[in-house]
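Q: Predicted coordinates and the sequence they were generated for:
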Amino acid sequence: MANFFKDNDDLQYYFDKGVDWDSLVQITEHDFADADGEGFRDTDEAVGFYRDIIEMFGQFTAEEIKPYEREIDEKGVDFVDGEVVFPGRLAGIFERINELDLHGLPIPRELGGMNAPMMLYFMNSELMARADVSAMAHHGFHAGIAMAAIVFSALEGSSDIDPVTGRINETRWRKVVEEIVAGEAWGCMDITEPDAGSDMGAMRATGEQDADGNWHVTGEKIFITSGHGKYHFVIARTEEIDPDDPMGGLNGLSMFLVKTYEDDADGNRARIVQLSRVEEKLGHHGSATCGLVFDKAPAELVGKRGEGFKYMLTLMNNARLGVGFECLGLSESAYRAAVEYAAGRGSMGKTIDRHEMIAEYLEAMKTEIQGIRAVAITACFHEEMAQKLALAVRYGSLDEKEKKRLKRSMKSHQETARRLTPLLKYLAAEKAVEHARTSLQIHGGNGYTTDYLPEKLLRDALVMPIYEGTSQIQALMAMKDTLGGIIKNPQAFVKRLAQTRWRALSSRNPLERRVAQLQTVSLSAQQHLVLRTAGNKVRGLRHKPIGEWTDELTKNWN
């Protein structure tokens, strides 16, 4: 039987040895506080359950999705009478996912889920993306939105969480979560507008409060993945833009939860938010990308007004991790297709996988995929630990010493996740395109036909460097954080650079010397950028009064 987990030695390595399950299980199970109830007794029992899940899902994706990848691509989705309709095959896949209770995988047990770590959820996402990325994208807007509802309620303080067991006694959007877990609904996040993409400060959709305190959202959103879902987290403007502050537009944004339709007992649908269109895309044909029109749609404010950007970042961090694993699955599919074709295609007396150039291509793809997986697993671990530690600090029954310890650990995880997430999104997205392109090249003329998989993978891959934050935005985020860290603590940077240069020359281990040499190149590039930036800053002081120099040197480094 085909199984996308069991045939992947590298992924199995991470599951068996490369993930700190002890830390994840302990914080997810709240120190096994419910061991006498539905919870696990120890890490081994939990990880055994996780293995059963991922092995089952590996077989499901290999046998019940992958064989129909081309059919999903060719049939796409339909837009009939203002509603999205999935063709039978795609609808059947999601019925099976619902039968397997997989929409509730990372959701707490008390809300109907399995209480598995997000790490397991994202590992499953790679397997599903290897089968078909568009199916994986839609799947992500089930548990992903349910988890967002849980986290947002906790962050705004509307949750009642037991400080000892960590059990959620009440959460603001319990009905939403339970409906999604039951497979009766899903959601999405609505950010992009016709005139506001990466520049969120330019958004024009508005949130207005009436005399009775009720909120309503008006405006247009575009490029919304799975936008035919019932529950939408929507960013809208509630405050005026400050024309003197280039970043002031972000401060006027708020987050809302909008229910976009109601179904009666007979299944008749009354739309509150209209679907204006479904995009005809180059790829991702099994995923509905929608335009939406809000006309004074009733809405619930998340948190406080003006906090929309903060809540959006929580959503986007997890979405970018999801895209990283999505790209990983696509790259794995491209690599496997190339290996299979090269092993069966003869040329000049031997199969082309035995020609040095093709063998080098295949080896490079394999190595890069393994590297991306390492970044993905590490970024996911730190992001999940950071979020769960934040909740433990806020809601746990802790003495002051323990709270300080957890805060230090939380900050460390946050810093690592912040550094790795944009790098993962950038690297995985760019390499997904490259790997699909290389797979097509290895297939030769056949790769350019619809009889073979690479052309479909390339079409699917081309959006990866665009959505959930362009590659350029990811690069800027990574560079800004890196340079900012150097400017805040130049002594530590100089020390690290000196130590790295010394290891590059003196280490007895040739591999360690090689790694140190690569690190030296990176650190030297960072040093060059900092010196250039600082030089430009100092030259700009010539036209400023001396009294303003201190302020200029300590602020406005953007």
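A: That came through fine.

Q: helices and strands around the longest strand seen in the chain, which ones?
A: Identified as the longest strand of the chain according to DSSP state E is strand 289-302. Strand 289-302 sits against strand 206-209, strand 215-225, strand 231-237, strand 253-259, strand 274-278, with contacts defined as 3 or more Cβ pairs under 8 Å, 6 or more residues apart in numbering; DSSP states H and E. Quick note: C-beta positions are derived from backbone N, CA and C, even for glycine.

Q: Just put these in JSON lines and tack on distance to Gly306, mean pLDDT and mean neighbour count.
A: JSON lines is the format used below for the helices and strands packed on strand 289-302 (distance: least, Cβ to Cβ, whole Å; pLDDT from 0 to 100; neighbours: other Cβ atoms under 10 Å):
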{"stretch": "strand 206-209", "distance to Gly306": "11", "mean pLDDT": "96", "mean neighbour count": "18"}
{"stretch": "strand 215-225", "distance to Gly306": "13", "mean pLDDT": "98", "mean neighbour count": "21"}
{"stretch": "strand 231-237", "distance to Gly306": "10", "mean pLDDT": "97", "mean neighbour count": "26"}
{"stretch": "strand 253-259", "distance to Gly306": "6", "mean pLDDT": "97", "mean neighbour count": "24"}
{"stretch": "strand 274-278", "distance to Gly306": "28", "mean pLDDT": "98", "mean neighbour count": "16"}
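
Q: okay if I get those strands as JSON lines plus distance to Leu518?
A: Shown next, in JSON lines, are those (distance: least, Cβ to Cβ, whole Å):
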{"stretch": "strand 206-209", "distance to Leu518": "48"}
{"stretch": "strand 215-225", "distance to Leu518": "36"}
{"stretch": "strand 231-237", "distance to Leu518": "40"}
{"stretch": "strand 253-259", "distance to Leu518": "40"}
{"stretch": "strand 274-278", "distance to Leu518": "45"}
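
Q: Centre of the chain to stretch 116-133, how far?
A: Offset of stretch 116-133 from its chain centre (Cα atoms, centre = their mean, to the nearest Å): 11 Å.

Q: picking that back up, strand 231-237 and the very next helix or strand once past the longest strand of the chain, what's the angle between them?
A: Moving toward the C-terminus from strand 289-302, the next helix or strand (DSSP states H and E) is helix 308-344. Computed with axes from the mean of the first three to the mean of the last three Cα atoms, to 10 degrees, the direction of helix 308-344 lies at 120 degrees from that of strand 231-237.

Q: where does this structure have low pLDDT?
A: Residues of the chain meeting the criterion pLDDT under 70: 243-248, 547-558.

Q: which ones are touching Phe223?
A: Counting by Cβ atoms under 8 Å, 6 or more residues apart in numbering, Phe223 makes contact with 192, 279, 289, 291, 467.

Q: any idea how far it is from Ala196?
A: Going from Phe223 to Ala196 by Cβ to Cβ, to the nearest Å gives 11 Å.

Q: do Gln59 as well
A: 43 Å.

Q: same check, this time on His528
A: In terms of Cβ to Cβ, His528 sits 34 Å off from Ala196.

Q: can you check Glu368 too?
A: 34 Å.

Q: Please, where are all the helices along the stretch 401-550 of the chain?
A: Secondary structure of the stretch 401-550 of the chain by DSSP state H, counting those that start in this stretch: the helices cover 454-461, 471-488, 490-506, 510-539, 549-554.

Q: and if you look at the stretch 1-150 of the chain?
A: Secondary structure of the stretch 1-150 of the chain (DSSP H, counting those that start in this stretch): helices at 9-13, 21-28, 43-64, 69-75, 88-99, 118-131, 133-156.

Q: ok so, going back, tell me which of the helices of the stretch 401-550 of the chain sits most buried.
A: Across those, averaging neighbours per residue (mean count of other Cβ atoms under 10 Å) puts helix 454-461 on top, at a mean of 24.

Q: on that earlier part again, who has more neighbours, Gln59 and Ala196?
A: Ala196 (20 against 17; other Cβ atoms under 10 Å).

Q: tell me the contacts of that one?
A: By Cβ under 8 Å, 6+ apart, the contact set of Ala196 is 202-204.

Q: May I have the beta-bridge partners of it?
A: Note on Ala196: beta-bridge partners by DSSP bridges are Glu193.

Q: Over to Phe294?
A: Phe294 forms beta bridges with Gly219, as assigned by DSSP bridges.

Q: And it, how far from Thr238?
A: Phe294 sits 14 Å away from Thr238, taking Cβ to Cβ as the criterion.

Q: More neighbours: which of these two?
A: Set Phe294 next to Thr238 and count neighbours by other Cβ under 10 Å: Phe294 wins out with 25 against 21.

Q: Enumerate every residue touching the more buried one.
A: Taking Cβ under 8 Å, 6+ apart, one finds 205, 217-221, 234, 258, 273 in contact with Phe294.

Q: Tell me how many other residues crowd the residue nearest to Asn124 when sequence neighbours are not counted.
A: Closest residue in space to Asn124, ignoring its immediate chain neighbours: Phe57 at 4.9 Å, by Cβ to Cβ, 6 or more residues apart in numbering. The tally of other residues near Phe57 (other Cβ under 10 Å) stands at 23.

Q: Use 459 as the first number from now on
A: Fine by me, first position is 459 from now on; the one you just mentioned is Phe515.

Q: Can you lay out the contacts of Phe681 as TSV showing distance to Asn947 and neighbour count?
A: As requested, the contacts of Phe681 are exported to TSV (distance: Cβ to Cβ, whole Å; neighbours: other Cβ atoms under 10 Å):
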residue	distance to Asn947	neighbour count
Thr650	37	19
Glu737	46	17
Thr747	43	23
Gly749	46	18
Tyr925	34	18
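
Q: which of those lies closest to Ala601?
A: Nearest to Ala601 out of these is Tyr925 (Cβ to Cβ; 19.1 Å).

Q: so how far is Arg727 from that closest one?
A: Distance from Tyr925 to Arg727, counting by Cβ to Cβ: 28 Å.

Q: Ile699 too?
A: Distance, Ile699 to Arg727, by Cβ to Cβ: 36 Å.

Q: now Pro566
A: Where Arg727 is concerned, Pro566 sits at a distance of 30 Å (Cβ to Cβ).

Q: between those two, which one's more packed in?
A: More crowded of Pro566 and Arg727, by other Cβ under 10 Å: Pro566, with 21 against 13.

Q: Can you verify my assumption that that one contacts Met572?
A: No. In this structure, Pro566 is not within contact of Met572 by Cβ atoms under 8 Å, at 9.0 Å.

Q: can you tell me how far Leu849 sits from Ala574?
A: When Leu849 is compared with Ala574 (using Cβ to Cβ), they lie 16 Å apart.

Q: neighbour count winner among these two?
A: Neighbours were counted for Leu849 and for Ala574 using other Cβ under 10 Å; Ala574 has more, 23 against 18.

Q: burial count for Asp670?
A: Neighbouring residues of Asp670 were enumerated by other Cβ under 10 Å; the total is 5.

Q: Name the helix or strand for it, please.
A: With DSSP H and E as criterion, Asp670 is part of no helix or strand.

Q: And it, how far from Glu614?
A: Note on Asp670: its distance to Glu614, by Cβ to Cβ, is 21 Å.

Q: likewise Asp753?
A: 27 Å.

Q: which residues does Gly802 contact?
A: For Gly802, the contact set (Cβ under 8 Å, 6+ apart) comprises Thr809.

Q: No more questions from me, cheers.
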